[in-house]
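**Student:** Sequence and predicted model, in that order:
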Amino acid sequence: MESVWMEDTKIRTREPLPGDLEVPAVVIGAGLAGILTAYYLKQAGIRAVVLETDRIGSGQTKNTTAKITSQHNLIYARLIRTFGRRMAEHYASANEAAIGEYERLIAEKGIRCDFARRPAYLYSRTGTGLLARETEAAQSLGIQASFETECELPFPVAGAVRFGRQASFHPLKFLAALAEEVEVYEQTKALKVEGRRVETARGWVTAEHVVFAAHFPFINVPGYYFARMYQERSYVVALEGAERFEGMYLGIDRDGLSFRTCGDLLLLGGGSHRTGRNKGDRAGGGCRYGELLGRAREICPGSREALRWSAQDCMTLDGLPYIGRFSRRRPFWYVATGFGKWGMTTAMVSARILTALIGGRECPEADIFSPQRHFTAQAAKELAVHGAHTVKGLAKHLLPSGNRAIVPNCPHMGCRLERNPDEESYDCPCHGSRFDREGHLMDGPAQTDCRRKK
Ligand code: FES
């Protein structure tokens, strides 16, 4: 199940870490956030090396629909209400600036990655109230937003919020080009971080600054990110023979879909659910892709599936990413995680903020993204829901399992794994680690494979 981005991109392989190293900064994770951070650190005169467990771009960067946008579902009206206007402005301006910075960087380096400015829309088939409020909030923060009652989609909408001058690109072509300017060691898994020292199987890296940019931080304490985030899966089918749309779309209704044209293909996304909360193990499995294809037949009759893939996203309690100092107890550790569904734009925001913090520069926009920001009522409610999932997952850990090969308890903290019939994997409902049928680790925060039955 390879994404459309993997089909036509080869990223040059890099050697593993040759031995112990001492550098000003080390970045864990060679996805978009890690590579961008190391690049901007280098631009700021700070040498940074990147450690990658597998290959550059082998994590979630390859699974995106690659929208670069400040339109992050319904967010601005809520941000103004919850955090106040100044903080909401910081969120909006950081994301708008990220789009502009991609454009500038791509032009400066001459990177051929299909970057194009295009509008982004949130649509609803049922109501306009939330969309009208969002339009007003976005406008008040300086975003080029308008409320529309018509759009290109092949079905009627009640309304849509249009953000002008958003963008799309080919994430792996961009990553492959930028990674050429960065010092990366592949096949070098970070096993442990003790103070300023990162242990890998290939040696130690000692650094004044340590950046965790590998999707979900694998350190439990301090930071407690496992208690402050959960993960979601979502699904994409790439359709041939479907209509092309200039805009990029996201439905806000319960069954809303994501649309984004990419060359001759239409990328249709949907079916989000908490990782580990799978539908019943129906005969034949494949239920989420099946549902998406059913919607495709309805909306784009005559289209055919060309590709399918899935994504895994870290969701925070208040819906905002955690970018900044990892913990008050480790002021020289930094983190970029909890990007929700907006990894492309947020990767750039992270790189800019972390470079400023490490370089000792003022960054007023950092406050709204800080992992130490104040705890909202929404976050408290989500914490209770998240806690209940964890308790349930832990309580089930002694049940027998149908898998004869592996012990179905998550090596992270012991929750009972659930079979995912769509992808033939075993997924953890507590914090979202995933394993293949043989128990090999696919996604963290777990660090090791499942134990095998004797
Ligand atoms: Fe934490 Fe499984 S991911 S217990």
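**Tutor:** Great, that's in hand.

**Student:** can you pull the pLDDT of the residue of the stretch 201-350 of the chain found nearest the ligand?
**Tutor:** Nearest residue of the stretch 201-350 of the chain to the ligand: F226, at 5.8 Å (CB to the nearest ligand atom). Where you see a C-beta, it was placed from the backbone N, CA and C, and this is true even at glycine. On the pLDDT scale, F226 is placed at 94.

**Student:** Secondary structure element holding it?
**Tutor:** Assigned by DSSP states H and E, F226 falls within helix 225-228.

**Student:** which helices and strands sit right next to that helix?
**Tutor:** With contacts taken as 3 or more CB pairs under 8 Å, 6 or more residues apart in numbering; DSSP states H and E, helix 225-228 sits against helix 377-395.

**Student:** do the helix it packs on and the ligand meet?
**Tutor:** No - with CB under 6 Å from any ligand atom as the measure, helix 377-395 is seen stopping short of the ligand, the closest distance being 6.6 Å.

**Student:** Next secondary structure after that helix?
**Tutor:** The C-terminal neighbour of helix 377-395 among helices and strands, as given by DSSP H and E, is strand 418-420.

**Student:** Give me the sheet partners of that following strand and which way each runs.
**Tutor:** Using DSSP bridges, the strands paired with strand 418-420 are strand 425-427 (antiparallel).

**Student:** next one: the strand it pairs with to chain centre, how far?
**Tutor:** Taking CA atoms, centre = their mean, to the nearest Å, one finds strand 425-427 lying 19 Å from the centre of the chain it belongs to.

**Student:** what's next to it, contact-wise?
**Tutor:** Here strand 425-427 makes contact (CB atoms under 8 Å, 6 or more residues apart in numbering) with 233, 275-276, 278, 403, 406, 408, 417-420, 433-437, 439, 442, 450.

**Student:** Report the buried members of these.
**Tutor:** 233, 275-276, 278, 403, 406, 408, 417-420, 433-435, 439, 450 (16 or more other CB atoms under 10 Å).

**Student:** tell me the least confident of these?
**Tutor:** For these, the pLDDT minimum is N403, 62.

**Student:** what does the stretch 101-250 of the chain put close to the ligand?
**Tutor:** Checking the stretch 101-250 of the chain against the ligand by CB under 6 Å from any ligand atom, the hits are F226.

**Student:** Low-confidence bits of the stretch 101-250 of the chain, can you list those?
**Tutor:** For the stretch 101-250 of the chain, applying pLDDT under 70 flags no range at all.

**Student:** Tell me which stretches of it form helices.
**Tutor:** For the stretch 101-250 of the chain, applying DSSP state H, counting those that start in this stretch gives helices covering 129-140, 171-179, 225-228.

**Student:** and D54, how far is that from R14?
**Tutor:** 11 Å (CB to CB, to the nearest Å).

**Student:** Compare these two (neighbour count), which wins?
**Tutor:** R14 (19 against 12; other CB atoms under 10 Å).

**Student:** for the more buried one, phi and psi?
**Tutor:** phi -120, psi 150 (degrees, to the nearest 10).

**Student:** Make sure it is actually in contact with Y185.
**Tutor:** Yes - applying CB atoms under 8 Å as the test, R14 and Y185 come out as touching, 6.2 Å apart.

**Student:** Now list whatever residues contact both of the two.
**Tutor:** Common contacts of R14 and Y185 (CB under 8 Å, 6+ apart): E52.

**Student:** The residue of the stretch 201-350 of the chain closest to the ligand against H412, yeah?
**Tutor:** Yes - using CB under 8 Å, F226 is in contact with H412, at 7.4 Å.

**Student:** shared neighbours of those two, anything?
**Tutor:** The contact sets of F226 and H412 overlap at 430-431, 445 (CB under 8 Å, 6+ apart).

**Student:** and the ligand, which of those contact it?
**Tutor:** Okay, of the shared contacts of F226 and H412 touching the ligand (CB under 6 Å from any ligand atom), that's 430-431, 445.

**Student:** picking up where we left off before, quick check: buried residues in the helix holding F226?
**Tutor:** By neighbour count on 16+ other CB under 10 Å, the buried set for helix 225-228 is 225-226, 228.

**Student:** Provide a list of residues in contact with the closest residue to D20 other than its chain neighbours.
**Tutor:** Distances taken as CB to CB, 6 or more residues apart in numbering put G203 closest to D20, at 4.4 Å, once the chain neighbours are dropped. Contact partners of G203, counting by CB under 8 Å, 6+ apart, are 17-21.

**Student:** just the residues you listed now: which is nearest the ligand?
**Tutor:** The closest of those to the ligand turns out to be L17 (CB to the nearest ligand atom; 26.6 Å).

**Student:** For that closest one, give me its contacts.
**Tutor:** 51, 185, 188, 200, 202-203, 205.

**Student:** Take the residues you listed and keep only those in strands.
**Tutor:** 51, 185, 200, 203, 205 (DSSP state E).

**Student:** Now list the buried members of these.
**Tutor:** Buried among the ones in strands among the contacts of L17 by 16+ other CB under 10 Å: 51, 185, 200, 205.

**Student:** which one of those sits closest to G164?
**Tutor:** Closest approach between those and G164, by CB to CB: L51, at 39.2 Å.

**Student:** Now the closest one. Nearest residue, chain neighbours left out?
**Tutor:** Nearest residue to L51 in three dimensions, chain neighbours excluded: T188, at 4.8 Å (CB to CB, 6+ apart).

**Student:** Just list the residues touching G223, thanks.
**Tutor:** Applying CB under 8 Å, 6+ apart, we find G223 in contact with 217, 326-327, 330, 335, 371.

**Student:** can you map out the strands along the stretch 201-350 of the chain?
**Tutor:** For the stretch 201-350 of the chain, applying DSSP state E, counting those that start in this stretch gives strands covering 203-212, 229-240, 248-251, 258-262, 265-274, 304-316, 322-327, 330-337.

**Student:** No more questions from me, cheers.
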